[in-house]
Each structure stands twice: as C-alpha cells, then as structure tokens.
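In: Sequence and predicted model, in that order:
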Amino acid sequence: MPQGEEGVLLEAEAYRALSSKSRLDILRLLYRKPMSVEEIAEMLNLQPITIRHHLQSLVEAGFIEAVEERAGLVGRPKIYYKVVKEPPTISYPKRRYLMLSSFIVNTMRYMLGDDQTKKILRKTGLEMGENAAKRLESEHEIKEWSQKAYQDFVVKGYLEKMGAEPEIVEVSDRKIVYRLHNCLFFEMAVKMPEIMCDVLHESFHEGLTKSMGKNVQVSRMTCMSKGDPYCEHSCEWLK
C-alpha cells in the first residue's frame, strides 16, 4: 500500500477512535496512569466487555498500548493499558505548526544564541500568562483571585480546554496541587527542556500569577520532559 494511502487510513482510524465520548474518557484516565480493564470499568461505571471493545479501537488507532505486569514469580501476568509516548497527530486540513515552531526556535538559537533566545521566549511566556489571566478575569468577572477561582477557571477551565489533562491531587485553604498529564509542547520540550520548560513554561506561570497578585506563587515540582510521569505544580497563597 502506498505510504500516503496508508497514512490516510491510519488517520481515519484515529478519527473514528476519538468519535466516542467513552473512548475519550478512557484516554483521560490513562493519561494519569496505566490501568487495567477492571479499573477502567469501575471508574466509568461500564461493563468490562464494553471497555475491552473501546480499548481495542484505541490500540488499533495507535493511541494506547497494552503492557504486562507480573506481581510475583508465579501466576498469570496482569494486563494494563497506557498511552503511547508518541500518539498520532491528526488534523484536517493538514497543519505543520509543530514543525514551524521547532524551526523558528532552532533558527533563533543559531542566529541569536541561547541567551538572547531565552530572553525573547521569557518575554513571550510572560505576555501569554498575563493575557490568559486578563481574559479569564473578563470572561468570569473575577475581581479578586482566590484558591477556588484558580481551581475552577485556570486548572479545570483553561488548562483542561488547552488539552493539558489536569488532575487536582490536593486542595487546602491556601494551596492547590495539580498534575498535568499532557505536555502541550512535549516533542519540543524533550529536545530543549532548558528553553521550553525552564524558560517559556516558567515565565507563563510567572505572568499568570503576576496578574493575580503578589501573594500567589506557583512552583513546578516535576517535569515530563525530564523523565517524570507528569508535570506537578503547587499554587500557594502566601500570607
């Protein structure tokens, strides 16, 4: 089969796999951690046979894979499903923004050097964060940022809509800890974490919290591009 035709068929399979809400719900669960059929069925309140059907579609489309884990030296291994490291990228019509973005950053590094590139991307990240905060304030009529507003409108709203697959793991009066299971710039971040993560990502949160007030501080504790299973953040309201 010609490579172009094979690519079209694979993309069609990917679209078909994503056409089901149940399969999207399964993907969101698996972004957090590998799970078995029984665990997924319990979380989604569906029958295991239904879950197996959806998992097969996601495997065939290239989004997930099955792995075996053995608890001991004897007995049958247990099968878990997890998201593949490089899921298929689909779009219609075709877009090559990732290729263009990578080319632009690499050209900047070549022509301007790393230090100047970092300065430019730091300014970009700050503006992105400030604009995001202002837009959320306008959309939701936020007069003063609180822990609940950050949880509802930044984590559950903005980051979820962006596709970061957020998970809230801790909430207190002054702090919220959350994990991002999908890095929006993962392919580039793996190749240049010192720029994409340590500069652009950090400055985005700096710009975001700068607009919220001086008493808000976001810290990144883990990073996917540096080998961690997710990016974990802590947003704290200081006294």
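Out: Thanks, I have it.
In: The most centrally placed residue in the chain: what secondary structure?
Out: In the chain, the C-alpha nearest the mean C-alpha coordinate belongs to residue 182, at 1.8 Å (C-alpha atoms, centre = their mean). What DSSP: H, G, I helix; E, B strand; the rest coil gives for residue 182 is coil.
In: Pull the contacting residues for it.
Out: Counting by C-beta atoms under 8 Å, 6 or more residues apart in numbering, residue 182 makes contact with 31, 163, 164, 165. Using the backbone N, CA and C atoms, a C-beta is placed for each residue, glycine as well.
In: closest to residue 206 among those residues?
Out: Ranked by distance to residue 206 (C-beta to C-beta), those are led by residue 164 at 17.4 Å.
In: For the nearest residue to that closest one once chain neighbours are set aside, name its beta-bridge partners.
Out: Computed as C-beta to C-beta, 6 or more residues apart in numbering, the closest residue to residue 164 that is not its neighbour in sequence is residue 180, at 4.4 Å. Beta-bridge pairing for residue 180 (DSSP bridges): residue 166, residue 231.
In: just checking, residue 180 touches residue 228?
Out: No. Counting by C-beta atoms under 8 Å, residue 180 does not reach residue 228; the two are 10.7 Å apart.
In: Give me the more crowded residue out of the two.
Out: Per other C-beta atoms under 10 Å, whichever of residue 180 and residue 228 has more neighbours is residue 180, with 25 against 12.
In: ok, the more buried one to residue 194 distance?
Out: 19 Å (C-beta to C-beta, to the nearest Å).
In: And residue 163, by the same measure?
Out: Separation of residue 163 from residue 194 (C-beta to C-beta): 24 Å.
In: chain center to stretch 204-223, what's the gap?
Out: Distance, stretch centre to chain centre, for stretch 204-223: 18 Å (C-alpha atoms, centre = their mean, to the nearest Å).
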